[in-house]
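Asker: Output the structure for:
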Amino acid sequence: MAPKSENSEKAKKRVGSVLKINSNTAPAQPIMPSTSKEPGQDVETGRRKCFDFIYNKKEKSCFGRTAKSWLYILSYAVMYIMFLCTYTLIFLFATLTAFKHSEYSLVDRTALFTYSERGVGLSATPTSEFSYPMIWYRSGDDIDYQKYIRAIDRLLVSRRDMNIDYTYLGPCSRSPYGYGSEPCVIIRINRQFKWSGKPLQRNSTKAADAPKEVREWMASSEKLWLHCSGYHSYDKEHIGRITYYPYPPGFDPSLFPLDVRNPSPLVAIQMSGFTKGISLAVKCNLWYEDGPSAVEFMLYVEPQLASNDIVRSRNISNIINPN
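Answerer: Numbers count the residues shown, from 1 in each chain. Got it, this is the predicted structure:
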């Protein structure tokens, strides 16, 4: 039994020595100071930083910039805005001056958007002025067609101020221009920069496609011929008679390109004997070597009504179209 007790004592001594070594070699854990703050201190610090950014008394700055820095920034902004305004005004003045001394200022306002896809454009007054290609009025009611009379007045009166005589337009040269029974329409060639048309040649393919009347007119002279008729066979059947002023109807090619001082020449057509109460489509073609160019409009005249029917129809029209 003696050896067993000695071994146990040796084991106890060995464990004790190991524990002593570990206790001597292990570093002591330092005690860390507490970093926690009260919630009120964080809020107060954030407010102080915000107020210091808005206005800092020590640095005498506002929003992080001193008064001198703000003065430089505002001065630069004012000078930059003045530069932009001056540049814009100079550009506009130069542009308006260029248009004032160019031929583009002579383009008719009502003809700006009436150029055809090929060739030159045509305008038909009074329909071109209202940008609505239809002449509509009630037979026997002169109030309906007063706007068409005023439209032709504006066209011819402005040209008479240039001492131009339009008596060759016949009844279409004086008010009421046939409205009421035989309305007139004034056709003119729109102004186009440096445009000139060549008359049809008798042996050309364009002349072969032209109507019979145009081929007959070609025997008398050379012009840019104007020919009007119904658009469809149905319209041709009910269009009645179309009278031209002057006759044969055409434009002198020597007048083109138009001079700055000369307005576009006019040709008038007067329609009579047409069927009332139906819409008629009218198409006018300008025949020349690079053409034809065309303009279309509608004509609708209501038949004669009794006085009571006229008042009732006018009231309905005012309800539908207050203007």
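Asker: Please count neighbours and contacts with C-alpha atoms only from this point.
Answerer: Fine.
Asker: hey, where'd the strands end up in the stretch 51-200 of the chain?
Answerer: Applying DSSP state E, counting those that start in this stretch to the stretch 51-200 of the chain gives strands spanning 55-56, 61-62, 65-66, 122-125, 134-138, 184-189.
Asker: Strand 134-138 and the last one, what's the angle between them?
Answerer: The one in question is strand 184-189. 170 degrees (axes from the mean of the first three to the mean of the last three CA atoms, to 10 degrees).
Asker: all numbers from here: first residue = 16
Answerer: Okay, residue one is now 16; in that scheme the one you just asked about reads as strand 199-204.
Asker: CA atoms only: put strand 199-204 into CSV for me.
Answerer: Taking C-alpha atoms only, strand 199-204 is exported to CSV below (Å, rounded to 0.1, in the frame of the first residue of the first chain):
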residue,chain,number,x,y,z
CYS,A,199,-66.2,84.3,-105.6
VAL,A,200,-62.9,82.8,-104.4
ILE,A,201,-59.5,84.6,-105.0
ILE,A,202,-56.6,82.3,-105.9
ARG,A,203,-53.0,83.4,-105.6
ILE,A,204,-49.5,81.8,-105.6
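Asker: returning to what we had before: okay if I get the strands of the stretch 66-215 of the chain as CSV plus distance to residue 97?
Answerer: As requested, these are exported to CSV (distance: least, CA to CA, whole Å):
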stretch, distance to residue 97
strand 70-71, 30
strand 76-77, 26
strand 80-81, 24
strand 137-140, 46
strand 149-153, 51
strand 199-204, 46
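Asker: Hmm, residue 141 is touching residue 203, no?
Answerer: No. In terms of CA atoms under 8 Å, residue 141 does not count as a neighbour of residue 203; the distance is 11.4 Å.
Asker: okay, the two: which has more neighbours?
Answerer: For residue 141 versus residue 203, neighbours defined as other CA atoms under 10 Å are more numerous around residue 141 (25 against 21).
Asker: Pull the contacting residues for the more buried one.
Answerer: By CA atoms under 8 Å, 6 or more residues apart in numbering, the contact list for residue 141 reads 150, 163, 164, 166, 167, 200, 201.
Asker: export these to a markdown table and tack on neighbour count?
Answerer: Formatted as a markdown table, the contacts of residue 141 follow (neighbours: other CA atoms under 10 Å):
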| residue | neighbour count |
| --- | --- |
| 150 | 18 |
| 163 | 23 |
| 164 | 19 |
| 166 | 16 |
| 167 | 23 |
| 200 | 24 |
| 201 | 23 |
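Asker: Could you report the separation of the closest residue to residue 69 other than its chain neighbours from residue 87?
Answerer: Spatial nearest neighbour of residue 69, chain neighbours left out: residue 78 (4.7 Å); criterion: CA to CA, 6 or more residues apart in numbering. Plainly put, residue 78 is 15 Å away from residue 87 if you go by CA to CA, to the nearest Å.
Asker: Those two: which has the busier surroundings?
Answerer: Ranked by neighbour count (other CA under 10 Å), residue 78 and residue 87 place residue 78 first, with 13 against 10.
Asker: I'd guessed the more buried one sits against residue 65; true?
Answerer: No. Residue 78 is beyond contact range of residue 65, at 9.5 Å (criterion: CA under 8 Å).
Asker: related to what we said a few turns ago, how about JSON lines for the strands of the stretch 66-215 of the chain, with mean pLDDT and distance to residue 230 added?
Answerer: Output for the strands of the stretch 66-215 of the chain, formatted as JSON lines (pLDDT from 0 to 100; distance: least, CA to CA, whole Å):
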{"stretch": "strand 70-71", "mean pLDDT": "76", "distance to residue 230": "92"}
{"stretch": "strand 76-77", "mean pLDDT": "80", "distance to residue 230": "88"}
{"stretch": "strand 80-81", "mean pLDDT": "80", "distance to residue 230": "87"}
{"stretch": "strand 137-140", "mean pLDDT": "90", "distance to residue 230": "21"}
{"stretch": "strand 149-153", "mean pLDDT": "91", "distance to residue 230": "29"}
{"stretch": "strand 199-204", "mean pLDDT": "94", "distance to residue 230": "20"}
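Asker: right, and those - which one's nearest residue 248?
Answerer: Set against residue 248 and scored by CA to CA, the strands of the stretch 66-215 of the chain come closest in strand 149-153, at 19.0 Å.
Asker: Can you list phi and psi of residue 207 for me?
Answerer: Backbone torsions for residue 207, taken as degrees, to the nearest 10, come to phi -140, psi 140.
Asker: This completes my enquiry, with thanks.
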